[in-house]
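Novice: Take this sequence and fold it.
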Amino acid sequence: MQEKYREHQRPDKWCSLLFENAAMMDRSDRLEDALGGLSCNMSASSGLDSCFILLSDAGGIDARSEWKVAAGCRADISPGRILHISRTAMAAVDSMGPAEAHAGDLGLSGYEGTGFLCVPLVSHMRTVGLAVLYTSGKCVDIPPDTIELLVMMGVQGAHAIDEFNYKQELQKRTDELRRVYEIQRRITSTIDLDEATESIVENAPYITRFQHCLIYLLDPNERRIVSVRAPEAVEKKFGKLKFSLDELVATRIAMDERKPLFIEDARTFPNISKRIVNMLGWVSAIVLPLISRDRVLGVMWLYTTDRMVHFDDNDRRSAIALSDQAANVIDAARIHKELEESYEKLKDLDRTKMEFFTLISHELRNPLAIIKGYTELLYDGTLGPINDKQKDKLARVRENVDKLADMVGKMSEISSLESRKYTVDRVPVSLGDMVSEIAETMGFLFQNKRITLNVDIPENLPLVEVDRKKMEQVLLNLLNNALKYTPEGGHVTVTAEDRPADILVSVWDTGIGIPQKDLDKIFSGFYHSGYKLSYEYKGPGLGLAISRKIIEGHGGRIWAKSEVGKGSTFYFTIPKRTVASGSAEAKTT
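Specialist: Coordinates of the predicted model:
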């Protein structure tokens with residue numbers, strides 16, 4: 001009766017033991033603590049003297065693999081029953097027997113014991129370790145139900161080991177990603193080519209398992225090395241490295257095939273320069289082509305000098321990711337450098353152009369004044385009588401001299417605007433009154449060409465502080481353009497809009513229009529559209545360039561929208577913010 005009662009109570013006791021065992025491992029912050037508690041619980045549940053846990057290495061189990069003991073020892077597993085239990089990964093327990101029968105299997109012959117009980121720790125049909133229980137006293141028989149309890153405890157332990165390993169791997173991966181992100185942030189934080197390559201070679205060892213990184217950059221148009229970047233320590237030892245692409249066989253292979261070369265043993269690898277291997281002390285290496293926008297920009301070497309690396313997927317993945325990142329950074333830095341150089345060349349050309357404008361306007365102003373003066377004297381008959389035919393010819397000369405003088409004046413003005421030596425004399429101005437006055441002044445010109453000129457300006461438009469003379473010049477330039485490029489019978493409309501931050505002025509016409517590709521160029525000066533109809537209205541194209549400088553000098557902007565054959569609309573803005581009146585150096589961009 002008592003035996004039946006004990007059998008009835010046993011499942012409840014098991015549940016309690018298993019619950020306490022699971023709770024203990026769940027509370028443990030360290031794997032060592034959890035396994036120590038598991039050892040104690042299994043030993044107490046079995047009635048045996050002691051228990052220790054053996055954990056398998058990540059590489060798996062073979063005839064001579066090492067196992068880690070929870071207490072910090074190491075043990076070798078020899079072929080035998082213990083190894084069989086671990087390999088089967090089945091929830092089976094080796095039967096008790098003489099200590100000598102299994103102590104040798106575990107490499108624990110130094111332990112004094114009369115019997116061993118081995119419980120595989122199985123999680124998802126995979127053995128992650130062994131619980132080894134032993135007694136130094138009299139051999140005892142372990143009941144099957146106790147063995148079953150120990151097996152369930154072993155399963156709990158195996159799940160706990162998996163969970164700890166998963167957390168550890170997750171933390172390791174998180175730390176790696178954080179480190180990779182920080183290094184990539186450093187690498188991508190510069191757009192200077194030299195700084196970018198230096199940052200890559202110095203930080204690469206923190207992302208990969210390789211001590212050293214070298215980068216060879218190639219001429220984009222020729223297959224030749226133009227620069228080499230190595231870590232400071234390497235350059236101190238060997239100086240500036242110089243190699244010919246002809247001797248870099250492995251490098252050429254990686255470039256031609258556009259694939260990385262993974263070299264575990266550089267000393268026996270056939271396609272490699274022995275001079276480089278011996279000089280730099282290569283043991284293992286990866287040769288990676290740096291490819292961006294389908295162009296090979298250079299090659300990256302990652303190599304070790306103290307150990308051989310057996311590549312795994314993580315090595316390959318991290319090396320390729322690093323080379324891709326490096327290629328993009330180098331390409332961006334190179335593009336930036338090319339843009340800077342192009343910008344400097346454009347600035348030099350622009351300076352030369354302005355110097356030419358200044359020189360020409362200075363050299364032509366006096367001769368033109370003399371020509372114009374004598375033309376007027378001849379035309380008026382002051383220097384003697386002339387006939388009608390001569391007078392007609394002189395009128396044409398006078399007209400062209402005026403055109404040339406106007407061009408010289410504009411060249412001088414744009415040179416002054418570009419050099420930022422002009423001043424903006426701001427005074428409160430009503431744009432509505434200014435537009436109305438200019439429209440009235442030019443009205444007869446539009447009437448002669450039978451073009452309707454409309455002005456639509458709100459009466460309550462606020463005053464703006466502008467240089468009146470220069471702002472009139474902008475409006476005259478825009479209206480003259482509209483007059484010039486609008487055929488007879490067309491329409492031109494000037495409007496203004498009061499906006500929160502500025503006043504928007506527009507000049508709309510039904511002229512010949514401007515091709516879309518030319519809209520950004522028409523404000524540069526001396527630009528003429530390739531549109532065939534525009535050749536009928538050829539001019540120097542300086543008016544819009546001058547207008548842009550004036551508007552930008554007031555803190556506004558000017559632009560155009562157009563469609564060929566349907567007309568154009570020119571817009572400019574004047575900020576409402578008032579500034580101190582009087583002379584102030586204009587800010588141009």
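Novice: so residue 438 touches residue 479, yeah?
Specialist: Yes: contact criterion Cβ atoms under 8 Å: residue 438 and residue 479 qualify, at 6.6 Å. Bear in mind the C-beta positions are built from the backbone N, C-alpha and C, glycine included.
Novice: So these two - more neighbours on which side?
Specialist: Ranked by neighbour count (other Cβ atoms under 10 Å), residue 438 and residue 479 place residue 479 first, with 23 against 18.
Novice: The more buried one reaches residue 441, doesn't it?
Specialist: No: between residue 479 and residue 441 there is no contact, the gap being 9.6 Å when judged by Cβ under 8 Å.
Novice: quick one: the helices in the chain?
Specialist: With helices called from DSSP state H, the chain shows them at 2-27, 31-46, 81-88, 99-106, 144-188, 193-207, 232-238, 249-257, 274-280, 313-380, 388-418, 431-448, 468-485, 542-553.
Novice: Give me the distance between the last one and the centre of its chain.
Specialist: Here the centre of helix 542-553 is set off from its chain's centre by 36 Å, with Cα atoms, centre = their mean, to the nearest Å.
Novice: can you give me the angle that helix makes with helix 388-418?
Specialist: Angle of helix 542-553 versus helix 388-418, following axes from the mean of the first three to the mean of the last three Cα atoms, to 10 degrees, is 30 degrees.
Novice: Remind me what helix 542-553 packs against, helices and strands.
Specialist: Where contact means 3 or more Cβ pairs under 8 Å, 6 or more residues apart in numbering; DSSP states H and E, helix 542-553 is packed against helix 388-418, helix 468-485, strand 558-563, strand 567-575.
Novice: what do you get if the cut-off is 7 Å, keeping everything else the same?
Specialist: Applying 3 or more Cβ pairs under 7 Å, 6 or more residues apart in numbering; DSSP states H and E, we find helix 542-553 packed against helix 388-418, helix 468-485, strand 558-563.
Novice: Just say which of the ones you listed is most tucked in.
Specialist: Among the helices and strands packed on helix 542-553, helix 468-485 has the highest mean neighbour count (mean count of other Cβ atoms under 10 Å), at a mean of 20.
Novice: got the angle for that one vs helix 388-418?
Specialist: Here helix 468-485 runs at an angle of 130 degrees relative to helix 388-418 (the same axes, to 10 degrees).
Novice: contacting residues around helix 468-485?
Specialist: Applying Cβ atoms under 7 Å, 6 or more residues apart in numbering, the contact partners of helix 468-485 are 427, 429, 434-435, 438, 442, 445-446, 449, 451, 492, 507, 509, 511-512, 537, 543-544, 546-547, 550-551, 570, 572.
Novice: What pLDDT is listed against the most centrally placed residue in the chain?
Specialist: Centroid check for the chain by Cα atoms, centre = their mean gives residue 188 as the closest residue, at 6.3 Å. With respect to pLDDT, residue 188 scores 72.
Novice: What sits closest to it if chain neighbours are left out?
Specialist: Distance criterion Cβ to Cβ, 6 or more residues apart in numbering; nearest residue to residue 188, sequence neighbours excluded, is residue 329 at 5.6 Å.
Novice: Using neighbour counts, pick out the buried residues of stretch 556-575.
Specialist: 556, 558, 560, 562, 564, 567-575 (16 or more other Cβ atoms under 10 Å).
Novice: my bad, should have said stretch 483-499
Specialist: For stretch 483-499, by 16+ other Cβ under 10 Å, it's 483-486, 490-496.
Novice: So which of the helices of the chain has the densest surroundings on average?
Specialist: Highest mean neighbour count of the helices of the chain: helix 542-553, a mean of 22 (counted as mean count of other Cβ under 10 Å).
Novice: Walk me through the domains of this protein.
Specialist: Domain ranges of the chain: 11-169, 188-334, 358-418, 427-575, per automatic domain parsing.
Novice: between these, which gets the lowest average pLDDT?
Specialist: Between these, the one with the least mean pLDDT is domain 11-169; it has a mean of 68.
Novice: quick one: the residue nearest to residue 378 when sequence neighbours are not counted from residue 382, how far?
Specialist: Spatial nearest neighbour of residue 378, chain neighbours left out: residue 394 (5.5 Å); criterion: Cβ to Cβ, 6+ apart. Distance, residue 394 to residue 382, by Cβ to Cβ, to the nearest Å: 12 Å.
Novice: same question, residue 330
Specialist: Taking Cβ to Cβ, one finds residue 330 at 74 Å from residue 382.
Novice: swap in residue 164?
Specialist: Applying Cβ to Cβ, the value for residue 164 to residue 382 is 111 Å.
Novice: From the chain's centroid, how far away is stretch 159-174?
Specialist: 32 Å.
Novice: got the contact list for that stretch?
Specialist: 25, 31, 34, 55, 121, 123, 128-129.
Novice: quick check, nearest of those residues to residue 378?
Specialist: Residue 378 lies nearest to residue 31 out of the contacts of stretch 159-174, by Cβ to Cβ, at 109.4 Å.
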